[in-house]
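Visitor: sequence first, then the predicted structure, then my questions.
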Amino acid sequence: MLRLLRVFLVCALVAATAAGGATTVRPAGAAGTAASPVPPKLRLLVRTGQQAPGGGTFNELSDPMLNNPGDVVFGAVVTSGAQMRETLYLMMKGGTPRPFVSTGSAAPTGGAFAAFSDLLLNDRGTVGFLARTTDRVAQEGLYVVRSGRVVPIVGVGQPAPTGGTFVDFANPTVNNNDVIAFVGRTGSGEGLFTYSEASLTPVLMSGQAAPTGGAFEFLLDGSPALNDRGQMAFVASTTVRHLQGVYVLVNGRPVPLVTTDDDAPSGGRFTEFGSVVLTNAGTVAFIGRTGDPKIPEALYVTGRTDLVPLAVSGQDVGGTALTKFANVAINEREEVVFQLSLPIIAQATYLATRAGVRTIVQLGDAAPGGGRFTAFSTPVLNDAGQVAFIAETDDGRHGLYVEALR
């Protein structure tokens, strides 16, 4: 379940080649491709090969999170001679990266930290993360940093408020009121939980009655999304025909927005959903897939009365036909960034609004600091219209970049 810290962009390239060459990667500097200048609003923050604060050299970068003031947290693999460690860093806007935890350091739940993932950052500067440890019982936990100290929120082996003990966690998220939401799994099922002011609260559990009939059984693809009003959006299936739906929790009650019993505005009946995101105004964006071969997939936002498709498969954007959507993020201006899951390697990062779709950055573009982009990680977005991402360039280095949308 836990995503490893490292980006492994090179491995993605190898996997694409092994798949029979189905993925086309535009090589930097290919014949007939005109040289392009570095976009003026694209900045390089950190690059592999640079000296890392605290010692060693940045070897790999991954998992950036970006808040509205412009602070960034990210993970890095740092090498020092033959030694290698994974370290998490906080970079305040305009500042330098500051390490706050590394593998090998003692975990407050026992043992030592062994791997990190799912970084958290809000506008208050609250930092959190999921981690695996070497402890035989508390092998995984969710942690935050307070006054320079790593503090556990919840760990494997800890009693769950619904009974039993926690065995696994997924998809933590934090809002600007320091409420943390996550998927927690116990021996008897899984559910949505929140943590606030030292209190752990179950919000929705598998086996709970669903408003569409039957009971909830599984939470799907990136759930939950959480806003500052305490609302939560999620994708779940139910025991009735494994019906999938996009739901919003309002005052603790799950309300369906759309299910696989509904027809899609772009044609066909919905078959599945993914990548749900949520604004403070209550706007929900998600990926919807259908059985319609003409438009099998689209990126939707909720309108006043109807779902609004922002981008659809087959749509031409800058000479590229959109395929399958992935890695969606939204801000309070309802600017949505996304990538495509086909080809396997993300060829570009796109911006979608109700006014249309455009490319933000793509393979072959010139990168600040030199080289041309050859692969991208999942982008993150803030309300100031900044997009942060890790990318690899054709000299084999990774960089952490921020681009302004406006």
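Guide: Done, it's in.

Visitor: going forward, measure contacts between C-alpha atoms and count neighbours the same way
Guide: Will do.

Visitor: could you check how far the closest residue to Arg354 other than its chain neighbours is from Val357?
Guide: Leaving aside its chain neighbours, Arg354 sits nearest to Leu310 (6.0 Å; criterion: C-alpha to C-alpha, 6 or more residues apart in numbering). Separation of Leu310 from Val357 (C-alpha to C-alpha, to the nearest Å) stands at 8 Å.

Visitor: any residues in contact with both of these two?
Guide: Counting by C-alpha atoms under 8 Å, 6 or more residues apart in numbering, Leu310 and Val357 have no shared contacts at all.

Visitor: can you show me the strands along the stretch 201-350 of the chain?
Guide: Using DSSP state E, counting those that start in this stretch, the strands assigned to the stretch 201-350 of the chain run over residues 216-226, 232-238, 244-250, 253-259, 270-278, 284-290, 297-302, 307-312, 316-317, 320-321, 325-330, 336-340, 348-353.

Visitor: other residues contacting the second one?
Guide: Right, the one you point to is strand 232-238. With C-alpha under 8 Å, 6+ apart as the test, strand 232-238 has contacts from 210, 213-226, 243-250, 273-274, 276-278, 284.

Visitor: how about the helices in the stretch 101-250 of the chain?
Guide: Per DSSP state H, counting those that start in this stretch, the stretch 101-250 of the chain carries no helices over any range.

Visitor: quick one: closest of the strands of the stretch 201-350 of the chain to Asn68.
Guide: Asn68 lies closest to strand 325-330 among these, at 12.6 Å (C-alpha to C-alpha).

Visitor: quick one: mean pLDDT for that closest one?
Guide: The pLDDT scores in strand 325-330 average 97.

Visitor: Lys93 and Leu44, how far apart?
Guide: Distance of Lys93 to Leu44, computed by C-alpha to C-alpha: 13 Å.

Visitor: across the sheet, point out what pairs with Ala76.
Guide: Counting by DSSP bridges, Ala76 is bridged to Leu61, Thr87.

Visitor: give me the distance between it and Ile330.
Guide: Relative to Ile330, and taking C-alpha to C-alpha, Ala76 is found at 25 Å.

Visitor: what pLDDT is listed against Trp15?
Guide: Heads up, residue 15 is Ala, not Trp. We note a pLDDT of 36 for Ala15 in this prediction.

Visitor: pLDDT weak spots in this structure?
Guide: 1-36 (pLDDT under 70).

Visitor: Phe193: what's it in contact with?
Guide: Counting by C-alpha under 8 Å, 6+ apart, Phe193 touches 181-184, 200-204.

Visitor: which residue is the nearest non-sequential neighbour of it?
Guide: Pro202 (4.4 Å).

Visitor: in stretch 333-346, what's buried?
Guide: Neighbour counts over stretch 333-346 (16 or more other C-alpha atoms under 10 Å) mark 334-340, 342, 344-346 as buried.

Visitor: out of these, which two sit at the greatest distance?
Guide: Glu334 and Ile344, at 26.7 Å, using C-alpha to C-alpha across those.

Visitor: hmm, Phe129 is touching Leu119, no?
Guide: Yes - assessed by C-alpha atoms under 8 Å, Phe129 is found in contact with Leu119 at 4.4 Å.

Visitor: show me which of those two is the more surrounded one.
Guide: A count of neighbours by other C-alpha atoms under 10 Å puts Leu119 above the other of Phe129 and Leu119, at 25 against 21.

Visitor: ok, the residue nearest to Phe193 to Gln208 distance?
Guide: Taken as C-alpha to C-alpha, the span from Pro202 to Gln208 is 12 Å.

Visitor: ok, the nearest residue to Ala404 once chain neighbours are set aside - contacts?
Guide: Once flanking residues are discounted, Ala404 sits nearest to Gln386: 4.4 Å by C-alpha to C-alpha, 6+ apart. Each residue near Gln386 by C-alpha under 8 Å, 6+ apart is listed here: 70, 402-405.

Visitor: follow-up on the earlier one: burial measure for the residue nearest to Phe193, as a count.
Guide: Count around Pro202 with other C-alpha under 10 Å applied: 17.

Visitor: that one and Glu190 touch, don't they?
Guide: No - using C-alpha under 8 Å, Pro202 makes no contact with Glu190, being 10.1 Å away.

Visitor: returning to that earlier point: out of the contacts of Gln386, which are buried?
Guide: 70, 402-404.

Visitor: of those, which is the nearest to Gly369?
Guide: When those are compared against Gly369 (criterion: C-alpha to C-alpha), the nearest one is Val402, at 12.9 Å.

Visitor: starting from the host helix or strand of the closest one, tell me which strands it pairs with and how they run.
Guide: Assigning secondary structure by DSSP states H and E places Val402 in strand 398-404. According to DSSP bridges, strand 398-404 forms sheet pairs with strand 42-47 (antiparallel), strand 386-393 (antiparallel).

Visitor: and the last one, how far from the chain's centre?
Guide: Using C-alpha atoms, centre = their mean, to the nearest Å, the distance from the centre of strand 386-393 to the centre of the chain it belongs to is 13 Å.

Visitor: what do you get for the first one?
Guide: Remark: strand 42-47 is offset 20 Å from the chain centroid, using C-alpha atoms, centre = their mean.

Visitor: export it as PDB, just CAs?
Guide: Coordinates of each C-alpha in strand 42-47 appear next as PDB, following Å, rounded to 0.1, in the frame of the first residue of the first chain:
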ATOM      1  CA  LEU A  42       9.300  28.300 -14.400                       C
ATOM      2  CA  ARG A  43      11.800  28.200 -11.500                       C
ATOM      3  CA  LEU A  44      14.200  25.500 -10.300                       C
ATOM      4  CA  LEU A  45      14.300  25.200  -6.500                       C
ATOM      5  CA  VAL A  46      16.500  22.100  -5.900                       C
ATOM      6  CA  ARG A  47      18.400  19.800  -8.200                       C
END
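
Visitor: include distance to Phe376 when you put the contacts of Gln386 into CSV, please.
Guide: Formatted as CSV, these follow (distance: C-alpha to C-alpha, whole Å):
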residue, distance to Phe376
Gly70, 20
Val402, 12
Glu403, 13
Ala404, 17
Leu405, 17
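
Visitor: which one of those residues is nearest Val154?
Guide: Lowest distance from Val154 to the contacts of Gln386 (C-alpha to C-alpha) belongs to Gly70, with 28.2 Å.
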